[in-house]
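K.L.:
Please work out how this folds:
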Amino acid sequence: MATNGTPAPVNSGEGRMGVKERWNAIPNENRKGIIRYVAYGIVAIVILIGAVVGTRKNTDQSGDTNSNNGEPSFPLDPSLHNSFWGLAYTPYGAIDCSATQANVTKDIKQLSQLTTRLRLYAADCNVTSLVVQAIQDARVNISVYAGIYVHPDVESYNRQVALLDDTLKAYGTSHILGVTVGNEYVLNAPSRGDTIPNATAWVNSRIIDYKTHLRQLTTSSSPHNYSSIPVGTSDAAGTYLGDLVTSADFLLANVHPWFSQNTFEQASWFSWSYMNNIVVPMVNATWPSPPLQNGVTTPPPQLYQGEFGWPTGTDDPPLGINPAGSPAGIQGLQRVLDDWVCASNRNGTKYFWFEAYDEPWKSMYGGVEQHWGLFYTNGTLKDIKIPNCPHD
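P.N.:
Next up, the predicted model:
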C-alpha cells in the first residue's frame with residue numbers, strides 16, 4: 001500500500017517484493033534444488049523437440065509414408081483402380097529433354113492409382129531421377145525397372161550409365177526393381193543394317209558390362225549394395241530371345257497380338273498361349289543350369305511379358321486395320337482390357353501393360369505407333385472402364 005492508504009500503481013514496484021528480493025529470500029539449499037529441476041526441464045524439452053523434428057525428417061525422406069495417416073495427400077480418381085501388375089511409362093518430353101518435375105509428379109500421382117510397378121526405357125534426360133523424385137514427393141507405392149536404351153555406339157550407353165549412377169547415389173535402391181538394358185535392339189537389327197548375331201552379342205556385352213559396373217560401384221563405404229540390382233533386357237518374343245538367356249537376370253518378352261495377325265477377340269488368348277507354349281519352353285531349353293556350390297542348379301531368368309496392349313487410333317487410315325482385319329479403336333482396347341487384366345492377375349502372369357500415355361513423338365513412325373495409351377497425352381482417360389481386381 002502507499003503511505004496515504006491507496007494502492008500502489010501496478011508497475012511502481014512499491015509495496016511488493018521484487019524477483020531479486022524473493023530469490024534472495026530462499027535458503028541456499030532450496031535454491032540448488034530449484035536450479036536442478038529447471039535444468040532437467042530444459043533438457044527434456046530439447047530432447048522432445050529433437051525427436052519431433054527427426055521423426056518428421058525421416059518421414060519426409062523415406063518416400064514411403066503418406067502425409068495423411070497412410071492415405072494419399074491428393075484427390076483420387078474413382079474411375080481408376082490399382083489393377084495392373086505393371087505399366088510401361090515414358091514421360092512426356094523424355095525424348096527431347098523437355099520433361100519437367102511437375103508433369104512427371106502429376107503422372108505418378110495418376111499412375112499410382114493403377115499399379116505399383118513401372119518400366120522405363122531409357123535414362124537419358126535424367127528420366128529415372130525425375131520419376132524417383134516424383135515417387136518420393138507424391139509418397140506413393142511405386143517401384144520401377146529403370147532402363148538403358150541401347151544404341152550401336154558405346155557413348156550413349158556410357159552416358160546413361162552415368163545418369164543412373166547419379167540416381168542411385170541420390171535416391172538409393174529402394175525404388176529400383178531392376179535395370180533393363182536394351183529394348184528390341186535385336187528385333188530392329190535388320191532395319192539398322194545389322195545382323196541378328198552381331199546385335200545379340202552387343203546386347204549381351206552391355207548386360208555383362210553393367211553388372212560389372214554395379215559390382216564396382218559397390219564398395220565397403222557404399223550405403224547400398226548396388227550389385228544386388230537385377231539386370232536384364234527386353235526384346236520381341238522371337239527365337240533369338242533364347243540367345244540372351246545366359247547373361248540376363250530377367251527377360252521382358254514383348255508380345256503384341258496387333259502385329260501378329262490376331263483380332264482383339266483373340267489377343268489375350270494368343271499372348272498367354274505364345275508365352276507359355278513357345279517362349280517359356282525356349283528359355284528353359286537354352287538355359288545351361290550351372291550348379292551352385294551347394295549343388296542346387298541356378299534357375300533360368302525371371303520371365304515377364306514386357307509389353308502387351310491394343311492401339312486406339314492411327315495416323316494412316318490404311319494402317320488402322322491389322323492383318324487379321326481387326327481395327328485399332330476404343331472397342332478393341334476395352335475388350336483386351338476385360339479379357340487380360342483380371343485373368344492375368346489371377347493366373348500369376350507378370351506383365352507390363354503397354355502403355356500409360358499416348359506418345360505423340362512416335363508420329364514419325366506413322367500408323368498406330370503413337371496411340372497405345374490408356375490416357376491421351378494430356379492425362380485424360382480414354383473412353384474405357386478400368387478393370388477392378390487385385391494384383392500381387
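
K.L.:
in the protein, which ranges drop under the pLDDT threshold?
P.N.:
Scanning the chain for pLDDT under 70 picks out the ranges 1-71, 289-297.

K.L.:
Nearest the geometric middle of it, what residue?
P.N.:
In the chain, the centroid-proximal residue (CA atoms, centre = their mean) is Val144; its distance is 2.8 Å.

K.L.:
so that residue makes contact with Ile176?
P.N.:
Yes. Taking contacts as CB atoms under 8 Å, Val144 lies within contact range of Ile176: 6.4 Å. The way it works is simple: take the backbone N, C-alpha and C, and place the C-beta from them, glycine included.

K.L.:
hey, what's in contact with both of these two?
P.N.:
Listed as contacting both Val144 and Ile176 by CB atoms under 8 Å, 6 or more residues apart in numbering are Val132.

K.L.:
got a list of what Asn231 touches?
P.N.:
Asn isn't right for residue 231; it's Val. Gly178, Val179, Val181, Ile207, Tyr210, Lys211, Leu214, Ala248, Asp249.

K.L.:
what does Leu76 give?
P.N.:
So Leu76 contacts Gln113 (CB under 8 Å, 6+ apart).

K.L.:
Shouldn't it be within a helix?
P.N.:
No. Secondary structure of Leu76 (DSSP: H, G, I helix; E, B strand; the rest coil): coil, not part of a helix.

K.L.:
Roughly how far does it sit from Asn126?
P.N.:
29 Å (CB to CB, to the nearest Å).

K.L.:
On the three-state scheme, Ser234 is what?
P.N.:
Going by three-state DSSP: Ser234 is strand.

K.L.:
Count residues in the vicinity of the nearest residue to it once chain neighbours are set aside, would you?
P.N.:
Of all residues not flanking Ser234 in the chain, Leu252 sits nearest, at 3.6 Å (CB to CB, 6 or more residues apart in numbering). Leu252 has 31 neighbouring residues, counting by other CB atoms under 10 Å.

K.L.:
thinking again about what came up before, show me which pair in the contacts of Val231 is furthest apart.
P.N.:
When CB to CB is used, the two most widely separated members of these are Leu214 and Ala248, lying 13.9 Å apart.

K.L.:
Compare those two (neighbour count), which wins?
P.N.:
Taking neighbours as other CB under 10 Å, Leu214 and Ala248 compare with Ala248 leading, 27 against 22.

K.L.:
quick one on the thing from earlier: what lines up beside the helix or strand encompassing the residue nearest to the centre of the chain in the sheet?
P.N.:
For Val144, the element it lies in under DSSP states H and E is strand 143-148. Strand 143-148 has the following strand partners under DSSP bridges: strand 117-119 (parallel), strand 176-183 (parallel).

K.L.:
any idea how far that strand is from the chain center?
P.N.:
6 Å (CA atoms, centre = their mean, to the nearest Å).

K.L.:
Pull the residues that contact that strand.
P.N.:
By CB under 8 Å, 6+ apart, the list of residues contacting strand 143-148 reads 86, 116-123, 128, 131-132, 135, 157, 160-161, 164, 167, 174-183, 206, 210, 252.

K.L.:
now with 6 Å?
P.N.:
Outside of strand 143-148, the residues within contact range by CB atoms under 6 Å, 6 or more residues apart in numbering are 118-123, 128, 131, 160, 175-181.

K.L.:
how many neighbours does the residue nearest to Leu187 when sequence neighbours are not counted have?
P.N.:
Once flanking residues are discounted, Leu187 sits nearest to Ala236: 4.2 Å by CB to CB, 6+ apart. Residues lying near Ala236 (other CB under 10 Å) number 19.
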